[in-house]
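Enquirer: sequence? don't have it. structure:
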């Protein structure tokens, strides 16, 4: 019981200290040396397109709750090395990551 209380308070302190923001939001695929294009998915959602090998499919990568398209960029490099194209999209236009 005490452990749950401690973890809950530690999480709350982290969120407050970071202003409830995703600490990775200033990253772009360029941070990982990945060439990309800024695009719009489904007409309004900001996304980054990272081209892969022509014979490989494109994987749509989305973030978790409260995040943005910069959050899951750690998976982009290994998938790109395997030849996959990637579309890293935000699920909400209001929580987008950097334009770049």
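Expert: Received it, and whenever you're ready, just let me know what you need. The shown structure was predicted, so the numbers you read here are calculated from the model rather than taken from an experiment.
Enquirer: what pLDDT is listed against residue 13?
Expert: You'll see residue 13 listed with a pLDDT of 59.
Enquirer: show me where pLDDT drops low in this protein?
Expert: 1-25, 64-66, 92-100 (pLDDT under 70).
Enquirer: ok, which stretches of it are strands?
Expert: Assigned by DSSP state E, the chain shows strands spanning 37-41, 45-50, 58-62, 85-89.
Enquirer: ends of stretch 67-85, what's the gap?
Expert: Distance between the two ends of stretch 67-85: 21 Å, counting by C-alpha to C-alpha, to the nearest Å.
Enquirer: quick check: buried residues in it?
Expert: 67-73, 76-77, 79-80, 84-85 (16 or more other C-beta atoms under 10 Å). Every residue, glycine included, has its C-beta placed from N, CA and C.
Enquirer: make a markdown table out of these and add distance to residue 49.
Expert: Shown next, in a markdown table, are the buried residues of stretch 67-85 (distance: C-beta to C-beta, whole Å):
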| residue | distance to residue 49 |
| --- | --- |
| 67 | 19 |
| 68 | 16 |
| 69 | 11 |
| 70 | 15 |
| 71 | 17 |
| 72 | 15 |
| 73 | 13 |
| 76 | 11 |
| 77 | 15 |
| 79 | 13 |
| 80 | 12 |
| 84 | 12 |
| 85 | 7 |
